[in-house]
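Asks: Sequence first, predicted model second:
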Amino acid sequence: MRSSFADHPAGRSAFTLIELLVVIAIVAVLVALLLPAVQQAREAARKTQCRNQLRQMGLAFHNYEGAHRVFPKGGAGVASQTNAAFKSRWTLSWGAAILPFLDQEPLFHAINHNETYLHPDNIGPGQTLLPVFLCPTAPRLEDFRPNGDTPTSTIKYARTDYSGNYGERGLRCYPATNCQNNYADQGGGVSGGRGVLLIGIDPVVRIADIVDGTSHTLMVGEAPEGLHSLWIGHKNVFDQSAPVSAKAEAGSPWQSCHPALKSRAGDFCDFGQEFHSYHEGGAHFLAVDGSVRFVSTSADVKSLAALLSRAGREVIGEF
């Protein structure tokens, strides 16, 4: 039997256009409120991963030191395939030296240790992207970069977002600029940087050389846009001359922050050769004792200089 109109429920009406627009507006407001919280949660997770990777490196450094009784060199300082004197002084970068202690022993043995990373034997190993050297907060605009000494080269190597501490220049006597990155002003006559990961003919550094204390001396920090930020590179170590994450801009009081010296991405000072990060408010650093410290962009520059010094006998202030 055919049903009549009266058999259907009466009074059910559809949304009006105004009601629909109100619902959409409410949803948009909720999304706008939730999005920053979601982004903050994601960045918190990325920062945790970044810290954990530095802790992994800290364990690798200490295992290296346990095996060799010294910390590795930062790098050779100069890489040349033609200059015999430079080739004779070739040494692995710190990033390559600790590979066996980062569960990368096959990659370590794939490197020809008798040749610079510019040698054809080492191009393949040097193009291996290693997650432990990549901070998840840093944008991945490029995964491979040329040797920083020849930035127009078409041969590129895997990036790293972390660099070694070679010391500081000028920070501890700011606003003066006449203090150099060595200990000669203390009568020590020690050549090379004030930091931990030195290069070239500089001496190697032992635990006993960390006079300022292993918890008050930094070893590695974030530097994702450095011109020499290659894990296999010859001078992935920096001597800091500006605050953490300082940007290159006109009128900056820091000589390394002249606009002509900005990094290719991010506009960081000295072609990115100053510690910096994409985290809000500062950057992570690995201390010699294996702890990870977050150093603020507003940290007192003399305190930062003291943290970058292994034997300055400074008193550490707030940072």
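Replies: Ah, there it is.
Asks: Run through the residues that contact residue 77.
Replies: Contacts for residue 77 were tallied using CB atoms under 8 Å, 6 or more residues apart in numbering; they are 199, 200, 201, 202, 234, 235. Placement of C-beta: from N, CA and C, glycine included.
Asks: Closest one to residue 209 out of those, please.
Replies: Distance to residue 209, by CB to CB, is smallest for residue 202 among those, at 11.7 Å.
Asks: Is there a neighbour count for that closest one? I'd like the number.
Replies: Using other CB atoms under 10 Å, the number of residues around residue 202 comes to 19.
Asks: what about it, which SS state?
Replies: Assigned by DSSP: H, G, I helix; E, B strand; the rest coil, the conformation of residue 202 is coil.
Asks: Filter the contacts of residue 77 down to the buried ones.
Replies: Buried members of these, counted by 16 or more other CB atoms under 10 Å: 199, 200, 202, 234, 235.
Asks: Quick check: the two most widely separated of the residues you listed?
Replies: 202 and 234, at 13.1 Å, using CB to CB across these.
Asks: any idea where the strands of the stretch 101-250 of the chain begin and end?
Replies: Assigned by DSSP state E, counting those that start in this stretch, the strands in the stretch 101-250 of the chain fall at 144-146, 156-158, 162-168, 218-222, 237-240.
Asks: I'd like the average pLDDT over the fourth one.
Replies: This means strand 218-222. For strand 218-222, the mean per-residue pLDDT is 98.
Asks: do the last one as well
Replies: Confidence for strand 237-240, expressed as mean pLDDT, is 96.
Asks: One more: the longest one?
Replies: The average of the pLDDT scores along strand 162-168 is 97.
Asks: Can you name every helix or strand that that strand contacts?
Replies: Strand 162-168 is packed against helix 17-68, strand 218-222, strand 237-240, with contacts defined by 3 or more CB pairs under 8 Å, 6 or more residues apart in numbering; DSSP states H and E.
Asks: quick one, which of these is nearest to residue 86?
Replies: strand 237-240 (17.1 Å).
Asks: strands paired with the closest one, and their directions?
Replies: Strand 237-240 has the following strand partners under DSSP bridges: strand 162-168 (parallel).
Asks: Quick one: residues in contact with the partner strand.
Replies: Strand 162-168 is contacted from outside by 53-54, 57, 74-75, 94, 133, 135, 181-182, 193-199, 218-223, 226, 228-229, 236-241, 275, 285, 304-305, 308-309, using CB under 8 Å, 6+ apart.
Asks: what stretches of this structure score poorly on pLDDT?
Replies: By pLDDT under 70, the low-scoring segments of the chain are 1-15, 35-39, 185-191, 317-319.
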